[in-house]
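> Fold the stuff below for me.
(chains A and B, ligands or ions: 1)
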Amino acid sequence: MALSVPYLGHGLGLRTQHYPQITDGTARADWFEVISENFMLPGGRPLAVLARTRELAPVVLHGVSLSLGSTDPLSAVYFDELAALARRFEPAWISDHLCWGSVGDHYAHDLLPLPFTEEALAHVAARVTAVQERLGRQILVENVSSYLTYAHSVMPEWEFLAGLADRADCGILLDVNNIYVSACNHGFDAATYVAAIPAARVGQIHLAGHTDKGTHLLDSHVGPVPDPVWDLYRLALRQCGRVSTLVEWDEEIPEFPVLAAEAERARAVEAEVLGAYAESA
Amino acid sequence: MPNLRELQLAFFRALDSGTAGTTDPDPALLAVIESRGALDAAARVDVYAQMYWMRIADALLEDFPRVAALVGDARFHALARAYLTATPSRHASLRYVGSGFADFLATRASAEVPPFVPDVARLEWARLAVFYAPDAAVLTLADLQRVPPGEWAALRLHPVPALQILEVRWPAHTIWAAAGDASDTWKPGGTMLRVWRDEFRVYQSPMDAAEIAALVVLRARGTFGDMCTALAATVPAEDAAAHAGALLLRWIDDHVLAAPAP
Ligand SMILES: [Fe+2]
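Purely as a prediction, here's the structure:
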């Protein structure tokens, strides 16, 4: 089955600092991405803000704790909460990460790396399939930044991700900053990674900044998107055509216009790479 | 070679030991993690252990800013570490990570944690519960004016979900308002606090005996008549109805009573 997610243009994250300007309509984006878990609440301001935002623009739900790679059973409570959000806010799509984040009923609240083994691939593919059946829709799975690799991995990450998309019939949220960070941390070629991704599966692209910690690059989501990440974005666009794109900026969050300018830069890069194709669409 | 389950359990144990200040990974875990460049396998696990601990410490700091101000940043971090080791997160959302923090602080009350701090923590937690409580339509004066005189005694009024009653042994509301003044001049003084929200702002105030008695009746699904009876125990009997009326007006003003079911 083909991937069916719409092209929404250039989105931004819905963050507390910008609630007032977003709800009064002065801060705009083509669409907004929200962290699903931050809205798994009984009531109060965040849900009211999301309801208002949804009136103004399309919304997508981006999860961080589905824990697709975990060996714990999928959490029924989590599903109920995610399904309730999806019913209420009708997201254009739902995404989460290629990682694990909980085990033994304990949550790390982090995106922990999986070994790229046949065992892990079969496990994650079965989980993604179960999630999609439960939600009644395809999900997008995002590659994460990592700071370690496992000696017993038998394939590169890109082969694992492409294999997962094929086996589970899911989409890919391609985070080109994460590719860059992991490529630097583990000494692989970022362009090789992008080239191995099946274009038709990519439903969204993430751009972000990172921080050089000396010993490794950290996926900090701070600051403007660095040049090598823009270069990878160009590469991904040449390969995939136009894809809904979102700039992540989650630390030292600036005034909204600074974020919006970053999204506009992504739009300009898209136009530069895809030229007439983007213009005519 | 650990299977995926064994790998994850060992990895999580390493994160957990990192919260105690010493990442101490299982040799079987280290054996399958590659060393590269400046970072060996243990250092790589430690990158994750540090992030695990910092992210949750930041969440606790966001949820308990007045507690942090009272004990100081360094002590708050030490307490948060000890709490996380004792109580790993059991919910997908960081919203609930501090659910046991006040009780944990109560076990540490000593020179390290001034005795009023656990009550301030409970107040901060109650404020969050109120902030994120289910939304509900509120009772208005017009709703009450529609009640026929003969039906008042049997009238049932319900508090909205965004109302918490908190029993404290220290004047937590005063200490909370003094934001970070950890002076030891605070004196114990038991009281019941009402915590509520109006729109999306959270408030708290101590209740007098009459308000406590009346609210207890409403929370137990009693009637307006029951409420007047309860009030008669705290105010002169002939004033009970007037007192009950004044309380209703105050509660309507504060948006703490729910609209009647349609
Ligand atoms: Fe991302």
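> and the stretch 51-200 of chain A, which residues reach the ion?
residue A:175 (CB under 5 Å from the ion). C-beta coordinates here come from the backbone N, C-alpha and C atoms, glycine included.
> Residue of the stretch 51-200 of chain A nearest the ion, please.
residue A:175 (3.8 Å; CB to the ion).
> Setting aside sequence-adjacent positions, which residue approaches that residue most closely?
residue A:206 (3.8 Å; CB to CB, 6 or more residues apart in numbering or on different chains).
> One more: residue A:105?
Using CB to CB, 6+ apart, the nearest residue to residue A:105 is residue B:90, at 5.9 Å.
> quick one: that neighbour and residue A:106 touch, right?
Yes - the pair residue B:90 and residue A:106 qualifies as a contact (CB atoms under 8 Å) at a distance of 6.5 Å.
> Now the phi/psi pair for the residue of the stretch 51-200 of chain A closest to the ion, please.
phi -100, psi 110 (degrees, to the nearest 10).
> And for residue A:182?
phi -70, psi -40.
> how near is it to chain B?
12 Å (CB to the nearest CB, to the nearest Å).
> which ones are touching that residue?
By CB atoms under 8 Å, 6 or more residues apart in numbering or on different chains, the residues touching residue A:182 are A:143-146, A:157, A:188.
> Repeat that for residue B:159.
So residue B:159 contacts B:215, B:218-219, B:256-258 (CB under 8 Å, 6+ apart).
> Any idea which residue of the stretch 101-250 of chain B lies closest to the ion?
Closest point on the stretch 101-250 of chain B to the ion, by CB to the ion, is residue B:132, at 25.8 Å.
> Could you pull up phi and psi at that residue?
phi -100, psi 10.
> what about it, how many residues close to it?
18 (other CB atoms under 10 Å in any protein chain shown).
> pLDDT below threshold where in chain A?
Within chain A, the segments meeting pLDDT under 70 span A:1, A:276-281.
> mind redoing it with 90?
Applying pLDDT under 90 to chain A flags residues A:1-4, A:275-281.
> For it, which segments count as strands?
Taking DSSP state E as the criterion, chain A carries its strands at A:10-13, A:31-35, A:59-62, A:94-97, A:100-103, A:106-112, A:140-142, A:171-175, A:202-208, A:211-212, A:217-218, A:244-248.
> Make a markdown table out of those and add mean neighbour count.
Shown next, in a markdown table, are those (neighbours: other CB atoms under 10 Å in any protein chain shown):
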| stretch | mean neighbour count |
| --- | --- |
| strand A:10-13 | 22 |
| strand A:31-35 | 23 |
| strand A:59-62 | 24 |
| strand A:94-97 | 24 |
| strand A:100-103 | 26 |
| strand A:106-112 | 23 |
| strand A:140-142 | 25 |
| strand A:171-175 | 27 |
| strand A:202-208 | 25 |
| strand A:211-212 | 13 |
| strand A:217-218 | 18 |
| strand A:244-248 | 25 |
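> who wins for proximity to residue B:99 among those?
strand A:106-112 (12.7 Å; CB to CB).
> Wondering if that closest one reaches chain B at all.
Yes - using CB under 8 Å from any CB of the partner chain, strand A:106-112 reaches chain B at A:106-110, A:112.
> Nearest to residue A:232 among the contacts of residue A:182?
The closest of these, once distances to residue A:232 are taken by CB to CB, is residue A:143, at 11.9 Å.
> Distance check, that closest one against residue A:182.
Separation of residue A:143 from residue A:182 (CB to CB, to the nearest Å): 8 Å.
> shared neighbours of these two, which are they?
Common neighbours of residue A:143 and residue A:182 (CB under 8 Å, 6+ apart) are residue A:157.
> Now do the same contact list for the residue nearest to residue A:175.
A:142, A:173-178, A:245-248.
> which ones are touching the closest residue to residue A:129 other than its chain neighbours?
Closest residue to residue A:129 apart from its sequence neighbours, by CB to CB, 6+ apart: residue A:168 at 5.0 Å. Shown in contact with residue A:168 (CB under 8 Å, 6+ apart): A:124-126, A:128-129, A:132, A:141.
> 10 Å instead?
A:68, A:121, A:124-132, A:138-139, A:141 (CB atoms under 10 Å, 6 or more residues apart in numbering or on different chains).
> One more: residue B:127?
Residue B:127 touches B:63, B:66, B:164, B:166, B:176, B:195-197, B:202-204, counting by CB under 10 Å, 6+ apart.
> Double-check that it belongs to a strand.
No - assessed with DSSP: H, G, I helix; E, B strand; the rest coil, residue B:127 is helix; it does not lie in a strand.
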